[in-house]
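Peer 1: Fold the stuff below for me.
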Amino acid sequence: MFVIGMAGGTASGKSTLARRLAEHIGDRLLVITHDRYYLDVAEPRGHNYDHPDALDTQLLVENLDALRAGEHALLPDYDFRTHRRRPAPERVAPRPLVLVEGILVLANAALRQRMDYTVYVHTADDLRLVRRLRRDTVERGRDVAGVLEQYLSTVRPMHQQFVEPSRQDVHLELSGEVDLDANLNRLLADLQGFSAI
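Peer 2: Below is the predicted model of the structure:
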């Protein structure tokens, strides 16, 4: 099993790129989002979702180890509207390629050690904020004031403390501001050099 880790700031374009890669490769690739591993939150207002402690990364590590050992894994299913995991996890089978995607996937040493290849998608802060506003208001039912308050109080400082430093020593850095197909082609070409695809 070949594991790809893809990080970048919130709304940098990493999830879109991951989906496009999955469409291109097909059933040989399993995409696991780190967002699945958020812990239940009793009071979401003011909660710091961008700190590593907000996620059960140890469970993700265990899931990857199980998949690498040829076993099925039970992936949690987090609901952003209720701020809790849904009762039934998703059972997934091992695949030759696994892509782990999320803002903090390269910031955790144990998780990073399980990756054979790393990608960081860099996008300017202002563009990421605009994208996040659009996503959180449309897809997650949030209001603009709440999104901005969260961005200033936790998202931006956690990005500076944990996410941005994780871009060091990646195999490939891409811009989330260029054509998606161009990034996909660069990623595919680079992965071919690793005999991953």
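Peer 1: if I pick the closest residue to Ala88 other than its chain neighbours, what's in contact with it?
Peer 2: Spatially, and ignoring its direct neighbours in sequence, Ala88 is nearest to Asp77 (7.0 Å; Cβ to Cβ, 6 or more residues apart in numbering). To be clear about C-beta, it is placed using only N, CA and C from the backbone, and glycine gets the same treatment. Asp77 makes contact with Arg36, Arg85, Arg86, Ala88, Pro89, Glu90, according to Cβ atoms under 8 Å, 6 or more residues apart in numbering.
Peer 1: Identify the residue nearest the spatially most central residue of the chain in space, chain neighbours excluded?
Peer 2: Of all residues in the chain, the one closest to the mean position by Cα atoms, centre = their mean is Gly102, 1.5 Å from it. Here the nearest residue to Gly102 in space, its sequence neighbours aside, is His34; by Cβ to Cβ, 6+ apart that works out to 2.6 Å.
Peer 1: I'd like to know how many residues surround the one you found.
Peer 2: Burial of His34, expressed as a neighbour count using other Cβ atoms under 10 Å, amounts to 21.
Peer 1: list the contacts for it?
Peer 2: Residues in contact with His34, defined by Cβ under 8 Å, 6+ apart, are Leu55, Thr57, Leu60, Val100, Glu101, Gly102, Ile103, Leu104, Val105.
Peer 1: what pairs with the first one across the strands?
Peer 2: Looking back up the chat, that one is Leu55. Tyr38 (DSSP bridges).
Peer 1: ok, it touching Arg36?
Peer 2: No. The pair formed by Leu55 and Arg36 falls short of the contact definition of Cβ atoms under 8 Å, at 9.1 Å.
Peer 1: Settle it for me: which of these two has more neighbours?
Peer 2: For the pair Leu55 and Arg36, the greater number of neighbours falls to Leu55 (24 against 19), based on other Cβ under 10 Å.
Peer 1: Next one: that one from Val41, what distance?
Peer 2: Leu55 sits 11 Å away from Val41, taking Cβ to Cβ, to the nearest Å as the criterion.
Peer 1: Kindly report the same for Lys14.
Peer 2: Distance from Lys14 to Val41, by Cβ to Cβ: 23 Å.
Peer 1: Of those two, which one has the most company?
Peer 2: Lys14 (27 against 15).
Peer 1: what residues are up against that one?
Peer 2: Shown here is Lys14, whose contacts under the criterion Cβ under 8 Å, 6+ apart are Met6, Ala7, Gly8, Glu101, Gly102, Val119, Val121, Gly176.
Peer 1: can you tell me which residues contact Leu104?
Peer 2: The contact partners of Leu104, taken as Cβ under 8 Å, 6+ apart, are Ala7, His34, Asp50, Pro52, Leu55, Thr57, Phe162, Val163, Ser166.
Peer 1: Which one (most neighbours) among those?
Peer 2: That'd be Ala7 among the contacts of Leu104, by other Cβ under 10 Å, with 27 neighbours.
Peer 1: Hmm, Met115 and it touching each other?
Peer 2: No. Assessed by Cβ under 8 Å, Ala7 is found out of contact with Met115, at 10.0 Å.
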